[in-house]
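Output the structure for:
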Amino acid sequence: MMARIHVAGLGHRGTVKPGNDDHYCIGQWVEQSALVAVSFDTGAAFFRDYGLLAAVADGMGGYAGGAFASRVALEILQAQFYAERRGGCNREEFTGHIRHCLVQTQGLLAGALRRQQGLEDAGTTIAGVAMMPPDLLVVFHAGDSRVLLGCGGFVRALTVDHTPLGADLAAGRITEQEAAAIPGASRLTRSLGATVDCEVELGSEQSWAAGDWLLAGTDGWHGPGRGLGRASIRQALDREPEVASLVSRLVAASVEADGVDNATLVAIRVEGGGDGGG
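Predicted structure coming up:
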């Protein structure tokens, strides 16, 4: 039995900031505030040949610089990812391709920022997933945007924030609320394009299976003292199987609960059996 993949994304500027520094991509779409939703069988030719890219990016450097950096980073990454067919690749080959795409993205983004007057110090976080049959999954991120996995009634992070307290948060040595109260705790130690460490972290020892939810979101949607907590996200996954409705509900709930920052989310649901099992 073939699996089916449902993907949706949505962003919101929040209730405080005058503009939106976030962007997201699903496949060959790059959007900011509009809702995009797509579904396809895992046997679809484009998925067998190219796979799926889904990511979020949260720009820094003032509204103009941040929005520019997040959009251009995703446009470059998308173009690199879909530049060639790679059907039948193994895990090592797929991971190597993603790493190459991200290195190219960093170099091209840095060049684009240098060519824009006043944007030399702009940059962006990034977090997302790349998927290929039969169950290949590469998680990547730089900064404090996150990728979560929902499975079997639980929600856990697949990324560790690149901040001074990111490792402590991931290990449970400090709570999200405690981290939010510590000055400097949200300072980024990695990002794309900016003058800090630009290396993107990859996690390739993952796989996708029927019943999985994969969620990529900026810190305004889910972060220390920001947006929604993990319990609220888990409850929403239990109640709402339809992906576009889930994304709309979770983004609206994060803005209602906080709204101080832009909030952007991409959600992926793997439905069915057979091809996606593992």
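
Quick check: bridge partners of residue 268?
Under DSSP bridges, the beta-bridge partners of residue 268 are residue 7, residue 214.

can you pull the contacts of it?
The contact partners of residue 268, by Cβ atoms under 8 Å, 6 or more residues apart in numbering, come to 5-7, 52, 54, 129, 131, 212-215, 243. C-beta coordinates here come from the backbone N, C-alpha and C atoms, glycine included.

Closest to residue 91 out of the residues you listed?
Distance to residue 91 across those (Cβ to Cβ) is lowest for residue 131, with 12.0 Å.

Need the three-state assignment for the closest one.
Secondary structure assignment for residue 131 (DSSP: H, G, I helix; E, B strand; the rest coil): strand.

cool, and residue 235?
Classification of residue 235 using three-state DSSP returns helix.

If you count neighbours, what's buried in stretch 173-182?
174, 179 (16 or more other Cβ atoms under 10 Å).

same question, stretch 111-129
By 16+ other Cβ under 10 Å, the buried positions in stretch 111-129 come out as 112-113, 119, 122-129.

cool, stretch 7-15 as well?
7-14.

Name the pair among those with the greatest separation in space.
Within those, 7 and 14 form the most distant pair, 23.2 Å apart (Cβ to Cβ).

So for stretch 68-76, mean pLDDT?
Mean pLDDT, stretch 68-76: 97.

actually stretch 92-107, not the one I typed
Averaged across stretch 92-107, the pLDDT comes to 96.

Let the chain start at 25 from now.
With 25 as the first residue, the last one maps to stretch 116-131.

quick one on the thing from earlier: tabulate the contacts of residue 292 (TSV), appending pLDDT and distance to residue 55.
Formatted as TSV, those follow (pLDDT from 0 to 100; distance: Cβ to Cβ, whole Å):
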residue	pLDDT	distance to residue 55
29	98	18
30	98	17
31	98	12
76	98	16
78	98	12
153	98	17
155	97	19
236	97	23
237	98	20
238	98	18
239	98	17
267	98	15
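
Relative to residue 178, which of these is nearest.
For the contacts of residue 292, the nearest to residue 178 is residue 237 (10.4 Å; Cβ to Cβ).

so which strand or helix has the closest residue to that closest one other than its chain neighbours?
Nearest non-adjacent residue to residue 237, counting by Cβ to Cβ, 6 or more residues apart in numbering: residue 174, 3.4 Å away. Using DSSP states H and E, residue 174 sits in strand 170-175.

Just the C-alpha atoms of that strand, please, in CSV.
The C-alpha coordinates for strand 170-175 follow below in CSV (Å, rounded to 0.1, in the frame of the first residue of the first chain):
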residue,chain,number,x,y,z
ARG,A,170,13.2,24.2,15.1
VAL,A,171,12.1,20.9,13.6
LEU,A,172,9.8,18.7,15.7
LEU,A,173,8.6,15.1,15.2
GLY,A,174,5.2,14.1,16.3
CYS,A,175,4.7,10.3,16.6
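
From the contact counts, what lies against it?
Under the contact criterion of 3 or more Cβ pairs under 8 Å, 6 or more residues apart in numbering; DSSP states H and E, strand 170-175 touches strand 150-156, strand 178-181, strand 237-241, strand 246-247, helix 254-263.

okay, the angle between whichever helix or strand comes after the longest one and helix 254-263?
Which is helix 254-263. Per DSSP H and E, helix 254-263 leads on to helix 267-281 as the next helix or strand towards the C-terminus. With axes from the mean of the first three to the mean of the last three Cα atoms, to 10 degrees as the basis, helix 267-281 and helix 254-263 are set at 150 degrees to each other.

And helix 267-281, what does it pack against?
Packing contacts for helix 267-281, counted by 3+ Cβ pairs under 8 Å, 6+ apart, involve strand 28-36, strand 60-65, helix 254-263, strand 287-295.

returning to what we had before: and the residue nearest to residue 237, how close does it get to residue 239?
Relative to residue 239, residue 174 is positioned 7 Å away (Cβ to Cβ, to the nearest Å).

re earlier: check the offset of the strand holding residue 174 from the chain's centre.
The chain centroid and the centroid of strand 170-175 are separated by 10 Å under Cα atoms, centre = their mean, to the nearest Å.
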